[in-house]
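Q: Could you work out the structure for the sequence below:
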Amino acid sequence: MKSEDRIEGYATHAGTLEYVANSVKEGMPSDHFRFFNNLYFSSIGMGTYLGQTTNIDDKDMENAVYDSIKSGTINVIDTAINYRAMKSEKSIGRALARLIKEGIVSRDRIFICTKNGYVTNDGDYPSIDLREYINRMYVSPGIIELNDISSGYHILNPAYIERCIDKSLCNLGVNTLDLVYIHNAYESWFNDVSRDKFMEMLLETFRVYERYRACNKIRYYGMATWTCFRVPSESREYISLEQVVDLAEKACGHKEHGFRFVQLPYNLIYNEALFLRNQAVGSENKLTILEAAEKLNVGIFTSIPLFQTRLLRDEIPDYGTGLESKVAKVVQIIRSTPNLIAPLIGHKKPEHVKENIKIAQVSPLTGDEFKAAVEILFRNQNL
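A: Residues are numbered from 1 along each chain as shown. I've put the predicted structure just below:
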């Protein structure tokens, strides 16, 4: 798709505020929304990781994005270039084009996030496998060398990152991405390079993002992670958020850098974001990642709130919300966590979309209610 055929614009203060106003007018509680960095975000976002590369899943995901946004429930859509071999991005692009063409929303009300770094092929060309695709598209033209690929099938070569951004813009049918994450980068590289070498590579990636910010192709960037922010500081897999922010300042040349978001797993089992005090900011030590992020003006989105449904196999204690379904109980405690913007929930089938819309129609827990819930759900932990 040519740039002149793509959707112009990006999420703005005025646009996201209008989304909130319209949602509240239709009965959505105003405290369903979070305010960060001059934008309003729904306290539940939509993830697009799971699914097959089939036409059925393409259509289900497109309709789920369409219905989620149209309902006034969700204005945060999260994806990655490798999700369903680029087909998740393309499904989102079709849904967004429908919504705008029908006059249901404008581009400035929706916050679109994607990720890059992992190797991927294109699911619209199933006869070309991953190895052949990478060779044809990147190795043979001299964009990357084979040794640019980590043992975790990840690439931090700046030329590859540039092409991933360009491809995501095309897949999504937009001229500006609200947020681009580098995807599980340290997790994919720490077995191959030293932490110092990785930070040099990350700096070059941030410089690519800053160049794309300068020409308005992306608004913000961040790190979508798995373990690096939720392991003890002495672990080989550990990264300091403050050091990453310092790196962004170096890439930008001043403090008005674009590194403003982190994504990490958080649920009733992976609860390190709430309890593990592994971060430091300035002279303050023993901060959780949530506390450190607040001090550094970094917004937090979280993944796998339902642990890909594994949490639903066990009984979830009643913690005073009056909610009956297991999904609602789990999502409610996660979305109510202080210093967190939103959990990202994957849903494709209409019944799952409707269930998550119902959760959003209930106000998040207050601070006192959250503390009381934590005492019930995490009796062996101290908040």
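Q: would you list every one of the helices in the stretch 201-350 of the chain?
A: Taking DSSP state H, counting those that start in this stretch as the test, the helices found in the stretch 201-350 of the chain are 241-252, 272-275, 289-295, 326-335, 350-360.
Q: Now the last one: buried residues?
A: Using 16 or more other Cβ atoms under 10 Å as the test for burial, helix 350-360 gives 353, 355-357, 359-360. Every residue, glycine included, has its C-beta placed from N, CA and C.
Q: Next secondary structure after it?
A: helix 367-377 (DSSP states H and E).
Q: helices and strands around that following helix, which ones?
A: In this structure, helix 367-377 packs against helix 326-335, with contacts taken as 3 or more Cβ pairs under 8 Å, 6 or more residues apart in numbering; DSSP states H and E.
Q: Show residues contacting the helix it packs on.
A: Here helix 326-335 makes contact (Cβ atoms under 8 Å, 6 or more residues apart in numbering) with 43-44, 266-268, 302, 305-306, 311-312, 315-316, 318-319, 321, 323, 340, 342-343, 345, 355-356, 358-359, 362, 364-365, 370, 373-374, 377.
Q: Repeat the analysis, applying 6 Å as the threshold.
A: Helix 326-335 is contacted by residues 43-44, 305-306, 311-312, 316, 321, 323, 343, 359, 364, 373 when judged by Cβ atoms under 6 Å, 6 or more residues apart in numbering.
Q: now the residues you listed: which count as buried?
A: Among these, those classed as buried by neighbour count (16+ other Cβ under 10 Å) are 43-44, 305-306, 311, 316, 321, 323, 343, 359, 364, 373.
Q: Please report the distance of the residue of the chain most remote from its centre from residue 359.
A: No residue in the chain sits farther from the centre than residue 140, which is 31.8 Å out by Cα atoms, centre = their mean. From residue 140 across to residue 359, the span is 48 Å (Cβ to Cβ, to the nearest Å).
Q: Can you report how many residues neighbour residue 296?
A: 20 (other Cβ atoms under 10 Å).
Q: ok now do it, which residues does it touch?
A: Contacts of residue 296 were listed using Cβ under 6 Å, 6+ apart, and they are residue 245.
Q: again with residue 38
A: Applying Cβ under 6 Å, 6+ apart, one finds that residue 38 lies in contact with residue 13.
Q: for the protein, what are the low-confidence residue spans?
A: Within the chain, the stretches falling below the threshold (pLDDT under 70) are 1, 308-309, 311, 380-383.
Q: Strands of that one, residue ranges please.
A: With DSSP state E, the ranges of strands along the chain come out as 33-36, 39-42, 45-47, 76-78, 111-116, 177-183, 218-224, 259-265, 279-281, 284-287, 299-303, 342-346.
Q: Which secondary structure elements does the third one sit against?
A: Which is strand 45-47. Using 3 or more Cβ pairs under 6 Å, 6 or more residues apart in numbering; DSSP states H and E as the contact criterion, the elements in contact with strand 45-47 are strand 76-78, strand 342-346.
Q: ok so, going back, let me have the buried residues of helix 350-360 in a markdown table, adding distance to residue 336 as columns.
A: As requested, the buried residues of helix 350-360 are exported to a markdown table (distance: Cβ to Cβ, whole Å):
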| residue | distance to residue 336 |
| --- | --- |
| 353 | 21 |
| 355 | 18 |
| 356 | 15 |
| 357 | 17 |
| 359 | 11 |
| 360 | 12 |
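Q: closest to residue 260 among those residues?
A: Distance to residue 260 across the buried residues of helix 350-360 (Cβ to Cβ) is lowest for residue 360, with 23.8 Å.
Q: which non-adjacent residue is nearest that closest one?
A: In space, and not counting its chain neighbours, residue 360 is closest to residue 73: 4.5 Å by Cβ to Cβ, 6 or more residues apart in numbering.
Q: What distance do you get for that neighbour to residue 226?
A: Summarising the geometry, the distance separating residue 73 from residue 226, computed by Cβ to Cβ, is 27 Å.
Q: Same drill for those two, tell me which one is more crowded.
A: A direct count of neighbours by other Cβ under 10 Å for residue 73 and residue 226 places residue 73 higher, at 23 against 20.
Q: Can you show me the helices along the stretch 1-150 of the chain?
A: With helices called from DSSP H, counting those that start in this stretch, the stretch 1-150 of the chain shows them at 13-25, 55-70, 87-101, 130-134.
Q: got the buried residues for stretch 224-234?
A: Buried residues in stretch 224-234, counting neighbours by 16+ other Cβ under 10 Å, are found at 224-231.
Q: thinking again about what came up before, would you agree the residue nearest to residue 360 is in contact with residue 362?
A: No - no contact is recorded between residue 73 and residue 362 when judged using Cβ atoms under 6 Å, the distance being 11.6 Å.
Q: so what's the residue nearest to residue 186 when sequence neighbours are not counted up against?
A: Using Cβ to Cβ, 6+ apart and skipping residues adjacent in sequence, the residue nearest residue 186 is residue 228, 4.5 Å away. Contacts for residue 228 (Cβ under 6 Å, 6+ apart) come out as 186, 237, 239.
Q: let's see it at 7 Å
A: Taking Cβ atoms under 7 Å, 6 or more residues apart in numbering as the definition of contact, the neighbours of residue 228 are 186-187, 237-239.
Q: Can you tell me which of those comes closest to residue 152?
A: Using Cβ to Cβ, the shortest approach to residue 152 within these belongs to residue 187, at 6.7 Å.
Q: Distance of the residue nearest to that closest one when sequence neighbours are not counted relative to residue 339?
A: In space, residue 187 comes closest to residue 226 once its chain neighbours are excluded; the distance is 4.8 Å by Cβ to Cβ, 6+ apart. Residue 226 sits 20 Å away from residue 339, going by Cβ to Cβ.
Q: Understood, closing this out.
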